[in-house]
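Undergrad: any chance you can model this:
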Amino acid sequence: MHARNYRHVKNRAYTRKKYARGFPPPKIVKFTMGDTKTQFDIEGQLIATERVQIRHSALEAARVATNRVLMDKLINDYYMNVHPYPHIILRENKMIFGAHADRLQQGMRRSFGTAIGTAAKVEVGQPIITVRVKAAAAETAKESLKRGSAKLPIHCKIVISKIQAPSMTQKAETETETT
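TA: Sure, this is the predicted structure:
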């Protein structure tokens, strides 16, 4: 089984878990890592350049590669978020090859396929991974996103931008709304 068979988006997403018996759970379980409460200056995003399905194992590999660079260099002074959730069920009609295989299988008769994994559908321009860091660590964020993009089946672009701090009037308005 090759991942390229499931990369392109052909039909509607199959997400009916009610009918699919025993599909494997997604390998990626943590979508948010790092310090969630600190205000950061720089935001880096890994943006998809084509419409594709990304398998759960590729998302997990990208998350691990990105997180490893950030943890090694910044310890816990970052925030990372993986956006797409793999909810599409991938199926495969397994065929047996070799001597006397024709007695064991029915070919394509009543073929539905067994669930082999899950995937996330990604559109053009959709962020896949977002990293927030302090201003001094902008190059580290860029390097970590580059390492993560190497694990994905598509070419991605890295966008680094400054985070706009809320102005004093916006802070005052939010404080009065909460009280």
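Undergrad: just the element for Lys73, please.
TA: For Lys73, the host element (DSSP states H and E) is helix 56-74.
Undergrad: list the strands paired with the very next helix or strand once past that helix, with their directions.
TA: Proceeding N to C from helix 56-74, the next assigned helix or strand is strand 79-82, under DSSP H and E. Each strand paired with strand 79-82, and its direction, by DSSP bridges: strand 32-34 (antiparallel), strand 127-133 (antiparallel).
Undergrad: in strand 79-82, what's buried?
TA: 79-82 (16 or more other CB atoms under 10 Å). Where you see a C-beta, it was placed from the backbone N, CA and C, and this is true even at glycine.
Undergrad: just curious, which of those residues is nearest to Ala136?
TA: Nearest to Ala136 out of these is Tyr79 (CB to CB; 15.3 Å).
Undergrad: if that closest one is in a bridge, with which residues?
TA: Under the criterion used (DSSP bridges), Tyr79 bridges to Gly34, Arg132.
Undergrad: thinking again about what came up before, tell me how far the helix holding Lys73 is from the chain's mean position?
TA: Chain-centre distance of helix 56-74: 11 Å, with CA atoms, centre = their mean, to the nearest Å.
Undergrad: all the helices of this protein, residue numbers only.
TA: 56-74, 138-149, 168-178 (DSSP state H).
Undergrad: what about these, which gets the closest to Ile160?
TA: That would be helix 138-149 among the helices of the chain, by CB to CB, at 6.0 Å.
Undergrad: report all helices and strands that the closest one contacts.
TA: Counting contacts by 3 or more CB pairs under 8 Å, 6 or more residues apart in numbering; DSSP states H and E, helix 138-149 is packed against strand 42-48, helix 56-74, strand 127-133, strand 156-162.
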